[in-house]
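> show me how the following folds:
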Amino acid sequence: MESGYPRLTLTADYMARFEAPDSTYMVLARVDSSSRRVEVQIHDDTGGERALVVANEVVYVESGRRFQATGRVVATTQDGRHVESEHLSWSEASGRVSTPGYATITTPTQTMSGWGLDADEALTDMRLSRVSGSVLPGEQQP
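Below is the predicted model:
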């Protein structure tokens, strides 16, 4: 909760919480290949949905307020921007998402692929390395 509104909503068929002296973390996963994938709805400061992340597994590290999604990860914002990768990290504290490997980002006007994504959670401020992509002619670059 943040300012009386939910910050995120988690949906998964399997959940386990682990406590160790130096960390506490939660694992959310699908039960098998026929079960639904894990969903993380990220809400804005009024409780509205800002983004939806779907993955095969999500690990939440409480101390760092950090999520690590793996397995065919797709993150979609309310305005239709989305990123696809095999691994995506989201820091709740900073509001940033990142991928250590390859990612594809699709916006209403362009598609880009590259390595090492660093972006805000709205996917409007993004950085990639070794980029390839396409842009619709006559459209302004973000």
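
> what about Gln41, which SS state?
The three-state assignment at Gln41 reads strand, by DSSP: H, G, I helix; E, B strand; the rest coil.

> got the phi and psi for Ser34?
Here is the backbone geometry of Ser34 (degrees, to the nearest 10): phi -90, psi -10.

> neighbours of Thr99, how many?
Applying other Cβ atoms under 10 Å, we find 25 residues neighbouring Thr99. Heads up, the C-betas are built off the backbone N, CA and C, glycines and all.

> ugh, typo on my part, it should be Gly4
Gly4 has 8 neighbouring residues, counting by other Cβ under 10 Å.

> tell me the phi and psi of it?
Dihedral angles for Gly4 - degrees, to the nearest 10 - are phi 80, psi 0.

> per-residue pLDDT, it?
Per-residue pLDDT puts Gly4 at 76.

> now the strands for the protein?
Remark: strands assigned in the chain by DSSP state E are 8-11, 14-19, 24-29, 38-43, 49-55, 57-61, 66-77, 82-91, 96-98, 102-106, 110-120, 126-135.

> dump those into TSV; add mean pLDDT and mean neighbour count as well.
Formatted as TSV, the strands of the chain follow (pLDDT from 0 to 100; neighbours: other Cβ atoms under 10 Å):
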stretch	mean pLDDT	mean neighbour count
strand 8-11	88	14
strand 14-19	96	11
strand 24-29	95	18
strand 38-43	90	19
strand 49-55	89	20
strand 57-61	95	19
strand 66-77	94	19
strand 82-91	95	20
strand 96-98	93	20
strand 102-106	93	20
strand 110-120	92	17
strand 126-135	83	13
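
> fine by me, thanks again.
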